[in-house]
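Q: would you be able to build a 3D model of this:
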Amino acid sequence: MAKATKTKKRPARASPEQIRAQTPGRKQAAKQKRLRRELTRIGEYLISGGIYFWSGYAVFFVCDAIFGWSLWWAKLTANFAGWSVNYMLQRYWVFRNPRLAKHQAQVTGRYMFLMAVNFLLDFFIVYGLQTVGISPYIGQFISAGFFTVWNYIWYKTWVFSTHLHGHFHRRHHKRVA
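A: Take a look at the predicted model:
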């Protein structure tokens, strides 16, 4: 008489859906962490933007009210002063990322290009407001409201992005012909 062998039954393997159903908090926690990180970055951006604005505003006042310079030269000088402070704060505090160090020239070039565009936009906003009777001192606050949103979008998606032409995440693989 042959001996019957017992086979152990293996427990059923959980499907990916079952695993996700068992750990709904993991995805939620990751989402909350990203949101918290982004809100912190926005707070840091607003603080550094305030430092940029007020340092530039003070230089503008000195150039305009004390030295009597034209709007063009007063704004240009004020912006150079603010840009220097702003770049350091944005690059090394708000959008800090060690991977950007390898692309310093590219990041700096992008920042300088954006600041040149910003200067022209800012000048024409303040100048246009001045032609309708609004003081350049008030015009700078109006302009700053626009640039607060405009620059955050450009800094995050282009200037300080970690996806500079895919260089950071490029995988080396063979092409299939």
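Q: tell me, what residue is most central in this structure?
A: Lys156 (2.8 Å; C-alpha atoms, centre = their mean).
Q: quick one: contacts for that residue?
A: Counting by C-beta atoms under 8 Å, 6 or more residues apart in numbering, Lys156 touches Phe95. The C-beta positions use only the backbone N, C-alpha and C, and glycine is treated the same way.
Q: mind doing that once more with 7 Å?
A: For Lys156, the contact set (C-beta atoms under 7 Å, 6 or more residues apart in numbering) is empty.
Q: hmm, Val107 and Leu100 touching each other?
A: Yes - between Leu100 and Val107 there is a contact under C-beta atoms under 7 Å: 5.5 Å.
Q: now do the shared contacts for those two.
A: Between them, Leu100 and Val107 share these contacting residues under C-beta under 7 Å, 6+ apart: Phe160.
Q: quick one, which of the two is more surrounded?
A: Per other C-beta atoms under 10 Å, whichever of Leu100 and Val107 has more neighbours is Val107, with 22 against 19.
Q: okay, now the unreliable bits of the chain?
A: 1-11, 18-24, 164-177 (pLDDT under 70).
Q: can you give me the helices in it?
A: 16-22, 24-61, 71-89, 104-131, 136-154 (DSSP state H).
Q: Thr162 is nearest to which of the ones you listed?
A: Ranking the helices of the chain by proximity to Thr162 (C-beta to C-beta) places helix 104-131 first, at 10.2 Å.
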